[in-house]
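> quick one: sequence plus predicted model below, questions after.
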Amino acid sequence: MKKKWLGLMVTVGLAGILSACSGSETDTGTSAAEAAGQQTETASSRGVEGEEVTLSFYYWDALFKEQIEQLIADFEAQEENAHITIEPTQLPWAEYWTKLETTLATGDDAPDIFWVNLAHLIEYLPAGYMLPLNEDVMELDKYSQTATDLLKGDDGSYYGVPFLLDPNVLIYNKAMFDEAGLEYPSEDWTWDDFRTAAAALTKDDGSQYGYCFRLDTGQGSMHEWLFSAGNDEFDYVNSVPLFAEDSAVDGWSFVYDMMYTDGSTPTGAQMTEIQGETYFQSGQAAMVFGAPPKIVTFAEALGAENIGVSTIPKGARKACSFSVCSMAGYAGTDHEAEVQSFLKYAASKEGMTTLSAAGLTAHLECFDTYEAGLGIDVTAIQTTLENYTLVPILYSAEYNTEFQDQFNSCIGEVYLTTGLDRAGIQEIVQRYADQCTALTQ
Amino acid sequence: MKGEMEMVSKRKKAFYNTDNFWGYLFISPLLILMLIFSVGPIFFAFYMSLTDWKLSGAGEFIGLANFKELFADPATWTELKNSLIYTVFKVPVGVSISLVLAYFLNQRIPFRGMFRVVYFLPSITMTVAIGLVWRYLFNSQYGIVNAILAFFGIQGPYWMADPKYFFAAIILVAIWQGIGYDMIILLAGLQNVPGMYYEAARMEGATSFQCFRKITVPLITPSLFFVIIMEFMNSLKVFDLIYIFINASYGPIEDAARTMVYGIYQKAFVHSRMGYASAEAVILFVIILAVTLVQFWGERKWVHYD
């Protein structure tokens, strides 16, 4: 009998450990309601002027550490902000969203100020986590409208300061072009020009590839090929997958042929073991697509003198993906006035100039600072902003992560399967598109 | 009447003075914490599995809809299948190797202490570190595994990129990591076996294998039972090694290794569908409960405590 009890205790104990995650759900469920209550508090009850105030600030990109600290120091140094202390916390990308989402949902230890990207903005905005900005926080005419439009709520208020604007570009290794005696990529390159150069830059012994594709759904991967093929991937508003249309199959097939016919980009299997862009960063590939922050990373690894930047090659249209990262306030903050005040400073030309040293901001007057800080000619970014169709990466208003999962799996299956022809690729992408559709029914 | 009062007071007094009372009192801090953080959440998880709570806002009661959706989702069956494959391979192979190792390390062999430490080391190493390092060791181009295979003229596969080998590689690493802990438990069991049984058996002409089968194994069945039951539970709820190995791979690679707890994690923290994730946790709970109860039922037939 005692043994039976022991058995039951062991079992229950184990199940307790297993259910620990689920358990916290309920705790958080209660707190979420409290958080919602907090959000309805009136502004007048928040923050008394003159009182010592500490604001927490979450961000993910370690590249910005120095600039964030500088921004905070400059803000705190202003006389009227003497009572405000801002404590920044940099969290690695993978942990960032789990932690942010949990704290925002529950209201427990939620940061007063946080970074948010487009993919999460579309979830946080309707969930009511984000603080509507006062009208004087941002001078709208100084900002890229493509960026600010995405931050506008249904009520007409803006919900974030778009500090980072990331259109994708072609980044190349100048030394490899020089060695092969090829001209650098130009802004009128087509897909065929790109493919020919990639093949010429590939070495038979496998030590160098012309291009490194990326086997994920980050910026600079499949999106660029589909968007420039004239395909929008998803009808985001109505949650309809479009990535199996004929125009899309052009993009899927083009990359597939470079991989398995030309051998000018590592195969899917190779990129499962070593991430695509690592080939570029370690000097084993000549071209890669990436967002502007990657230019800094690659310049550090390969030397700024070896890095060149051009536009994404033109397919059926000149298009590329782009992303906006914004700085936002938490709707349930106890110090709304101070949060608004900090965001206003960050959105000013002075604040954005500080941040521009680490990345391309959406403030139109800061491009030169950004370019000067980089020490690399990035006029291609300006060209992209002016002449390209910029497509935000948005999967579905309602099934965002589910669609993203399907899309990820689709990329994995297409490029890990050898011996496919166009019909074979079409069959795979159609199956995943159908699975997306099935999710909505 | 007076007599009854005396008896009641006697009984009360007797209770406060019993060892049981003090025993309960001393374990109560831990018991209360366990009730709050372990037992309570189990019941909450049962309730959550009947709601559609998505992290933000309040969840609505939706009956058994989560379970219906789970059973209709092919991913659930893949997760269940993978969890069972992992368990079916890891437990018998891991425990058998541990038993053999424990047996040899209980003999008087040179460097016995060093071997015990070496075999135990993986058990106290962080799983994250183990996963990351083994991913490199399995790298098809630069990894040592394929280099060794190449030495023998064998063309090594893409361990991390071929669904056929990916899960097998994870199970191999899990076995390697787990044998040290099991070995120590079994070694402790072995050291409690009195040497006179072996002496008597040898005088009767028993071989080493007969001693092992007829004396060693029966006498360490309590340790063996503990090891097997813990291995079953741990294998069915494996997550960390799987998560590290999958490392943001998608499609066929992810499907080849996704287990139930990986699915629970994904549903809860990637898709923010806490209710749906709880439903899968409940199913896993029931599976582990059933397996454990069957084992305790079987215990009477093969475990000898005396």
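Received, thanks.
> next helix or strand past the helix or strand of chain A with the lowest mean pLDDT?
Ranking every helix and strand in chain A by mean pLDDT, DSSP states H and E puts helix A:20-39 at the bottom, with a mean of 37. Counting by DSSP states H and E, the next helix or strand C-terminal to helix A:20-39 is strand A:53-59.
> and whatever helix or strand comes next after that following strand, average pLDDT?
Heading C-terminal from strand A:53-59, the first helix or strand you meet, by DSSP H and E, is helix A:65-77. Per-residue pLDDT over helix A:65-77 has a mean of 93.
> same question for stretch B:278-288.
For stretch B:278-288, mean pLDDT rounds to 96.
> pick out the residue in the stretch 201-306 of chain B sitting closest to chain A.
B:Gly251 (2.5 Å; C-beta to the nearest C-beta). For glycine as for every other residue, the C-beta is placed from the backbone atoms N, C-alpha and C.
> show me what contacts that residue?
Applying C-beta atoms under 8 Å, 6 or more residues apart in numbering or on different chains to B:Gly251 gives the contacts A:408-413, A:416.
> possible to save those residues as TSV with secondary structure and distance to chain B?
As requested, the contacts of B:Gly251 are exported to TSV (DSSP: H, G, I helix; E, B strand; the rest coil; distance: C-beta to the nearest C-beta, whole Å):
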residue	secondary structure	distance to chain B
A:Asn408	helix	4
A:Ser409	helix	4
A:Cys410	helix	7
A:Ile411	helix	7
A:Gly412	helix	2
A:Glu413	helix	4
A:Leu416	helix	6
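> between the residues you listed, which is nearest A:Ser247?
Relative to A:Ser247, the closest of the contacts of B:Gly251 is A:Cys410; by C-beta to C-beta it sits at 15.8 Å.
> helix/strand/coil for A:Leu204?
Careful, residue A:204 is Asp and not Leu. At A:Asp204, secondary structure determined by DSSP: H, G, I helix; E, B strand; the rest coil is coil.
> what about it, distance to A:Gly181?
Look at A:Asp204 and A:Gly181: by C-beta to C-beta, to the nearest Å, they are 17 Å apart.
> what does B:Lys90 give?
56 Å.
> who's more crowded, those two?
Shown here are B:Lys90 and A:Gly181; by other C-beta atoms under 10 Å in any protein chain shown, B:Lys90 has more neighbours (22 against 7).
> mind listing what the closest residue to the more buried one other than its chain neighbours touches?
Nearest residue to B:Lys90, sequence neighbours excluded (C-beta to C-beta, 6 or more residues apart in numbering or on different chains): B:Ser235, at 5.0 Å. Counting by C-beta under 8 Å, 6+ apart, B:Ser235 touches B:83, B:86-87, B:90-91, B:174.
> then A:Pro92?
A:Trp60.
> equivalent analysis for B:Ile170, please.
By C-beta under 8 Å, 6+ apart, B:Ile170 lies in contact with B:86, B:241-242, B:245, B:257.
> that older thread, quick check: closest non-adjacent residue to the residue of the stretch 201-306 of chain B closest to chain A.
Excluding the flanking residues, the one nearest B:Gly251 by C-beta to C-beta, 6+ apart is A:Gly412, at 2.5 Å.
> helix/strand/coil for the residue nearest to B:Lys90?
Here B:Ser235 is recorded as helix under three-state DSSP.
> so what does residue 303 have for phi and psi?
Let's take chain A. The phi/psi pair for A:Gly303 (degrees, to the nearest 10) reads phi 90, psi 130.
> and it, how many neighbours does it have?
A:Gly303 has 12 neighbours, counted by other C-beta under 10 Å.
> got it, and the one 3 residues further on?
Other residues lying near A:Asn306 total 18 when counted by other C-beta under 10 Å.
> cool, and A:Phe407?
Quick note: A:Phe407 (other C-beta under 10 Å) scores 25 neighbours.
> that one contacts A:Tyr395, doesn't it?
Yes: under the criterion of C-beta atoms under 8 Å, A:Phe407 makes contact with A:Tyr395 at 6.7 Å.
> residues that sit against both of these two, list them.
Joint contacts of A:Phe407 and A:Tyr395 (C-beta under 8 Å, 6+ apart) are A:Glu233.
> ok, now how distant is A:Gly230 from chain B?
Counting by C-beta to the nearest C-beta, to the nearest Å, the gap from A:Gly230 to chain B is 25 Å.
> can you tell me the SS state at the nearest residue to that residue once chain neighbours are set aside?
Excluding the flanking residues, the one nearest A:Gly230 by C-beta to C-beta, 6+ apart is A:Ala316, at 3.6 Å. With three-state DSSP as the basis, A:Ala316 sits in coil.
> you'd agree A:Ala316 is up against A:Ala248?
No: using C-beta under 8 Å, A:Ala316 is not in contact with A:Ala248; the gap is 10.7 Å.
> out of these two, which sits in the more crowded spot?
Using other C-beta under 10 Å, the more surrounded residue of A:Ala316 and A:Ala248 is A:Ala248, with 25 against 14.
> got the contact list for the more buried one?
Per C-beta under 8 Å, 6+ apart, neighbours of A:Ala248: A:226, A:229, A:231, A:233, A:242, A:429.
> the first one - that's part of a strand, no?
If I follow you right, that is A:Leu226. No: according to three-state DSSP, A:Leu226 belongs to no strand; its state is helix.
> counting neighbours, what do you get for the residue nearest to it when sequence neighbours are not counted?
Once flanking residues are discounted, A:Leu226 sits nearest to A:Gly251: 4.5 Å by C-beta to C-beta, 6+ apart. A:Gly251: 25 surrounding residues under other C-beta under 10 Å.
> ok, A:Gly251 - contacts?
A:222, A:225-226, A:228-229, A:231, A:315.
> one more: A:Gln270?
For A:Gln270, the contact set (C-beta under 8 Å, 6+ apart) comprises B:140-141, B:158, B:161.
> host element of it?
Short version, using DSSP H and E: A:Gln270 is in helix A:268-273.
> hey, C-alpha coordinates of that helix in PDB?
Extracted in PDB, the C-alpha atoms of helix A:268-273 (Å, rounded to 0.1, in the frame of the first residue of the first chain):
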ATOM      1  CA  GLY A 268      19.800  23.500 -47.800                       C
ATOM      2  CA  ALA A 269      21.500  20.700 -45.900                       C
ATOM      3  CA  GLN A 270      24.700  22.800 -45.600                       C
ATOM      4  CA  MET A 271      22.800  25.800 -44.400                       C
ATOM      5  CA  THR A 272      21.000  23.700 -41.700                       C
ATOM      6  CA  GLU A 273      24.400  23.000 -40.200                       C
END
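> if anything else comes up later, I'll come back, but that's it for now.
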